[in-house]
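A.B. asks: predicted coordinates and the sequence they were generated for:
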Amino acid sequence: MKGEVNLFTRPRRFGKTLNMSMLQNFFENSGQSPAPLFQGLKIMEAGPRYLSHMGKYPVISICLKSLKQSTYKSAFYCLKGDFENQ
């Protein structure tokens with residue numbers, strides 16, 4: 001899908017965090033090549049169309065798991081505080 005933003009939803013214990021970590025490791029520009037992490041996997045055989053994106057982008061990972069406030073406003077300020085502390 002070519003949406004501006006994609007939302008991944010799955011049941012509990014379905015590998016959401018593992019999947020998001022894998023995507024982060026693939027796309028994130030961390031200063032080190034992610035290629036060693038993916039050696040021997042099918043993605044390395046996918047060709048330049050996909051591999052040209054490896055390690056090229058800034059990645060922001062947000063966990064909303066701890067936001068259990070009773071109002072939108074208080075949840076917003078907690079999330080804002082998380083960003084300010086990064």
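C.D. replies: Perfect, I can see it now. Numbering: from 1, shown residues only.
A.B. asks: okay, now residue 16: neighbour count?
C.D. replies: 13 (other C-beta atoms under 10 Å). Any C-beta I mention is one placed from the backbone N, CA and C, and that applies to glycine too.
A.B. asks: backbone phi and psi for it, please?
C.D. replies: With angles defined as degrees, to the nearest 10, residue 16 sits at phi -60, psi -50.
A.B. asks: next structured bit after the helix or strand harbouring residue 22?
C.D. replies: Element membership of residue 22, judged by DSSP states H and E, is helix 16-27. Remark: after helix 16-27, the chain's next helix or strand is helix 35-38, criterion DSSP H and E.
A.B. asks: tell me where this structure has helices.
C.D. replies: Ranges of helices in the chain, per DSSP state H, are 16-27, 35-38, 48-51, 72-84.
A.B. asks: okay, the first one in CSV with CA atoms only?
C.D. replies: Written as CSV, here are the backbone C-alpha positions of helix 16-27 (Å, rounded to 0.1, in the frame of the first residue of the first chain):
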residue,chain,number,x,y,z
LYS,A,16,3.9,-6.9,16.0
THR,A,17,6.9,-5.6,17.9
LEU,A,18,9.2,-8.1,16.2
ASN,A,19,7.9,-7.0,12.8
MET,A,20,8.3,-3.3,13.6
SER,A,21,11.9,-3.9,15.0
MET,A,22,12.8,-5.7,11.8
LEU,A,23,11.4,-2.8,9.6
GLN,A,24,13.3,-0.3,11.8
ASN,A,25,16.6,-2.2,11.5
PHE,A,26,16.1,-2.5,7.7
PHE,A,27,15.3,1.1,7.0
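A.B. asks: packing partners for it?
C.D. replies: Identification of packing neighbours for helix 16-27 by 3 or more C-beta pairs under 8 Å, 6 or more residues apart in numbering; DSSP states H and E yields no helix or strand.
A.B. asks: near the closest residue to residue 50 other than its chain neighbours, how many other residues are there?
C.D. replies: Once flanking residues are discounted, residue 50 sits nearest to residue 43: 6.4 Å by C-beta to C-beta, 6 or more residues apart in numbering. Neighbours of residue 43 under the rule other C-beta under 10 Å: 14.
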